[in-house]
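Participant: next comes the sequence, and after it the predicted model I'd like to discuss.
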Amino acid sequence: MPCKCDGTCETTLIYACSGAANTGLLADQVMRILSRNKVGSSTCLAAMGADLSGFLESARNATRNIVLDGCKVSCGKRIFEKNGLAYQHYVMTDYDVEKGKTPITGDLTEAVAERIEGLVKA
Amino acid sequence: MKVQILGSGCPKCKLLEQHAREAVAELGVDAEIVKVTNTDDIMEMGVMMTPALAIDGEVKSVGKVLTKDQVASYLKVVKFHAL
């Protein structure tokens, strides 16, 4: 649901890698938990990569953009840097998750989301 | 040219629409002004804060009530590129 505040309230947007590996799955699931917990509104990283104007303008006018990358390749970070946009960056492999190996369970997803939520709110 | 005003129909959206109409009239451009009020349609365009302004499907501004002059500046650029 779009915010109707005319830019007067805080707007946090959350973007996740949805890459092919387990880490992409984790990033996506963490984004959904953060959105559920009202940390921010989830939106589409692929659309940012495709340079879709509405998504870019929303990111430009958000109070805070949270980028959840799966691995160190950091595609999300690169998209934001390419567009000169400010962001906070979290990488799933920084949370004891090994790309291509660690099974993504509900407990793991909740634990990583809780840690990132704490960092965002700090 | 198609000028889209994206928003639920709140007072700020109406003010942006008014400014857009004034800018179109002042510049004398051939433009159709269309209101997009459906939330799904707004979200599909990637707009997370309203009101927003799009010209020919390209979102120019999000979460702001642009002034008449600001709208006019966007219209001039699009008009120039169309020549």
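Facilitator: Cool, the structure landed.
Participant: pretty sure residue A:71 contacts residue A:91?
Facilitator: Yes. Here residue A:71 reaches residue A:91: they are 6.7 Å apart, a contact under C-beta atoms under 8 Å. Where you see a C-beta, it was placed from the backbone N, CA and C, and this is true even at glycine.
Participant: quick check: residue B:30 is in a strand.
Facilitator: No. Per DSSP: H, G, I helix; E, B strand; the rest coil, residue B:30 lies outside any strand segment and is coil.
Participant: any idea how far it lies from chain A?
Facilitator: 22 Å (C-beta to the nearest C-beta, to the nearest Å).
Participant: how about the strands in chain B?
Facilitator: B:2-6, B:32-36, B:52-55, B:58-62 (DSSP state E).
Participant: for chain A, which of the ones you listed is the nearest?
Facilitator: For chain A, the closest of the strands of chain B is strand B:58-62, at 3.9 Å, according to C-beta to the nearest C-beta.
Participant: please enumerate the helices of the chain.
Facilitator: Since you didn't name a chain, this refers to chain A. Taking DSSP state H as the criterion, chain A carries its helices at A:22-36, A:45-49, A:53-61, A:75-82, A:106-121.
Participant: that was the other one, I meant chain B.
Facilitator: Secondary structure of chain B by DSSP H: the helices cover B:11-27, B:39-44, B:68-82.
Participant: Throw those helices into a markdown table and include mean neighbour count, distance to residue A:38 and mean pLDDT, thanks.
Facilitator: As requested, these are exported to a markdown table (neighbours: other C-beta atoms under 10 Å in any protein chain shown; distance: least, C-beta to C-beta, whole Å; pLDDT from 0 to 100):
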| stretch | mean neighbour count | distance to residue A:38 | mean pLDDT |
| --- | --- | --- | --- |
| helix B:11-27 | 18 | 23 | 95 |
| helix B:39-44 | 14 | 18 | 95 |
| helix B:68-82 | 15 | 32 | 87 |
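Participant: out of those helices, which is closest to residue A:119?
Facilitator: Comparing the helices of chain B by their distance to residue A:119 (C-beta to C-beta), the top pick is helix B:39-44, with 27.4 Å.
Participant: could you dump the helices of chain B into a markdown table with distance to chain A added?
Facilitator: Converted to a markdown table, these look like this (distance: least, C-beta to the nearest C-beta, whole Å):
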| stretch | distance to chain A |
| --- | --- |
| helix B:11-27 | 5 |
| helix B:39-44 | 5 |
| helix B:68-82 | 12 |
